[in-house]
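Peer 1: sequence-free structure coming up:
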């Protein structure tokens with residue numbers, strides 16, 4: 001599985017919004033600077049997030065962007081889906097729509113299991129838990145497992 005720059009930047013921008021005191025609006029350039037991201041890319045991502053109902057734009061002198069809902073109600077999966085579409089696809093097709101035959105027939109079960117595994121993490125981590133560093137126990141356990149930080 002590959003996490004795109006767009007998805008990474010979207011989650012990081014939303015984390016900045018979730019960390020904003022009192023949910024105050026934050027300008028796109030401030031969000032970008034807070035994470036060292038390119039402003040123009042962040043502005044395009046914010047448009048996608050606004051259309052998905054994850055962020056709201058606030059006009060005016062002290063305008064910018066804020067989360068459209070409480071940070072505890074927005075999962076990382078929602079943010080990623082808003083900018084990249086489905087979490088797991090094979091050749092741009094969702095696993096249940098695929099069919100394999102013969103020696104590769106069991107491959108469909110592998111792709112579906114991968115999707116379940118990704119969902120078990122991204123659907124359970126909210127922006128609030130990310131910003132607070134209070135990740136769900138199963139996510140911390142997975143990250144702490146033997147070999148988790150090694151690149152084979």
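Peer 2: In hand now; what should we look at? Because the structure is a prediction, the values reported are computed rather than measured.
Peer 1: need the helices for this protein, in chain order.
Peer 2: Using DSSP state H, the helices of the chain run over residues 5-18, 28-35, 39-51, 76-84, 107-122, 127-132, 137-144.
Peer 1: What helices and strands are in contact with the first one?
Peer 2: When you say that, I think you mean helix 5-18. Using 3 or more CB pairs under 8 Å, 6 or more residues apart in numbering; DSSP states H and E as the contact test, the elements touching helix 5-18 are helix 28-35, helix 39-51, strand 64-67, helix 76-84, helix 127-132. In short, each C-beta sits where N, CA and C put it, glycine included.
Peer 1: Give me the buried stretch members for that helix, please.
Peer 2: Residues 6, 7, 9, 10, 11, 12, 13, 14, 15, 16, 17, 18 are the ones in helix 5-18 that count as buried (16 or more other CB atoms under 10 Å).
Peer 1: Now do that helix against helix 39-51, angle only.
Peer 2: 70 degrees (axes from the mean of the first three to the mean of the last three CA atoms, to 10 degrees).
Peer 1: With that, I have no additional questions.
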